[in-house]
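Chemist: generate coordinates for the sequence data below:
(chains A, B, C and D)
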There are 2 protein chains.
Amino acid sequence: MNIGDVAAASGLPAKTIRYYEEIGLVVPPRAENGYRAYREQDGHMLRFIARARSLGFSIEDCRALLSLYQDTGRASADVKRLTKDHLAEIDAKISELKDMRAALAHLVHACQGDQRPDCPIIDELAGGKPD
Amino acid sequence: MNIGDVAAASGLPAKTIRYYEEIGLVVPPRAENGYRAYREQDGHMLRFIARARSLGFSIEDCRALLSLYQDTGRASADVKRLTKDHLAEIDAKISELKDMRAALAHLVHACQGDQRPDCPIIDELAGGKPD
DNA sequence: CATGGGCCTTCCAGTCGCTGGAAGGTCAAG
DNA sequence: CTTGACCTTCCAGCGACTGGAAGGCCCATG
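Modeler: Residues are numbered from 1 along each chain as shown, chains lettered A, B, ... in the order given. Model prediction:
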């Protein structure tokens, strides 16, 4: 399988797959002509990574997950801990974004949005109207 | 005011403030000794940016907001549109993260997390148990 | 007047995860 | 034999900083 084939199969751009090789994540052997020759297991790994990335795992998390994936003697506790940590980070991000969202929604609501310059959004960013 | 003073006043690291100068966001005059000499208006701008950044606005948004801030003939509609667009992006991010969160929470729940290798998280990343 | 410490300066490199583009090699079809 | 779709490498850039090295400036103390 050439890179285009695994790209189509995994849904990842070829560029990304080359990048994954560069960082040592999935390193296929080479054919005689210098083309990357992906084996079936390489394709599995790439699809594994694509799914993990879509769940927001970092590349380094993916590296760890991949080695757990390939370690048939793994403890599921290790996988679970990694996933829980990631979940906690996601929760933190959601909470941060929700705070922003609330503040922004409030400001949007307060602003007339007409041709006049008076604007509670600008006022707030400028330090808040001291009333 | 030297950079340390505006850093303390705005809560931004000096490094960041230098970076803002580099990208032309807040460019203070220089004192004879070469030090950045921040005027009061520069300090206001930096605090303005710090607040906008904490609401998640991008640097380019900050640039636009800053010019609206300084344009006393602005239309509040312009500020509102910018803010609404940003709010929509935040909402999109929240929704994406929530989807991830749901999937991760499900997986964490399903995984025993013991010393055995069987792991629904790995199974799912590997393509899902076709049952 | 020297010295020390805390500022300040510039410049370079790294972060994360790609993404774009240029320049060129390879392969299969017509 | 040419065309066009693939493949290769290498270099550069995104956003928004952040770290660190090497050196200059300023002020207080001895």
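Chemist: could you pull out the helices for chain A?
Modeler: Ranges of helices within chain A are A:3-10, A:14-22, A:40-54, A:59-70, A:76-110, A:120-125, based on DSSP state H.
Chemist: please identify the deepest-packed of these.
Modeler: Looking across the helices of chain A with neighbours counted as mean count of other C-beta atoms under 10 Å in any protein chain shown, the highest average goes to helix A:120-125: a mean of 21. No exception for glycine: its C-beta is placed from N, CA and C like everyone else's.
Chemist: OK, contacts around A:A75?
Modeler: Counting by C-beta atoms under 8 Å, 6 or more residues apart in numbering or on different chains, A:A75 touches B:114-117.
Chemist: how about the most centrally placed residue in chain A, nearest residue that isn't a chain neighbour?
Modeler: For chain A, the residue nearest the mean C-alpha position is A:G56 (3.8 Å; C-alpha atoms, centre = their mean). Spatial nearest neighbour of A:G56, chain neighbours left out: B:M100 (4.6 Å); criterion: C-beta to C-beta, 6 or more residues apart in numbering or on different chains.
Chemist: how about A:I94?
Modeler: B:L97 is the one closest to A:I94 (C-beta to C-beta, 6+ apart), at 4.9 Å.
Chemist: then A:F48?
Modeler: Nearest to A:F48 is B:L125, by C-beta to C-beta, 6+ apart, at 5.1 Å.
Chemist: again, but for A:R51
Modeler: Once flanking residues are discounted, A:R51 sits nearest to B:L125: 4.9 Å by C-beta to C-beta, 6+ apart.
Chemist: how much space between the one you found and B:Y38?
Modeler: 51 Å (C-beta to C-beta, to the nearest Å).
Chemist: repeat for A:I3
Modeler: 52 Å.
Chemist: and A:D123, by the same measure?
Modeler: Distance, A:D123 to B:Y38, using C-beta to C-beta: 23 Å.
Chemist: still on that earlier bit, dump the helices of chain A to JSON lines, plus distance to A:N33 and mean pLDDT.
Modeler: Below are the helices of chain A laid out as JSON lines (distance: least, C-beta to C-beta, whole Å; pLDDT from 0 to 100):
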{"stretch": "helix A:3-10", "distance to A:N33": "13", "mean pLDDT": "96"}
{"stretch": "helix A:14-22", "distance to A:N33": "16", "mean pLDDT": "97"}
{"stretch": "helix A:40-54", "distance to A:N33": "18", "mean pLDDT": "97"}
{"stretch": "helix A:59-70", "distance to A:N33": "28", "mean pLDDT": "97"}
{"stretch": "helix A:76-110", "distance to A:N33": "39", "mean pLDDT": "97"}
{"stretch": "helix A:120-125", "distance to A:N33": "58", "mean pLDDT": "97"}
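Chemist: thank you, goodbye.
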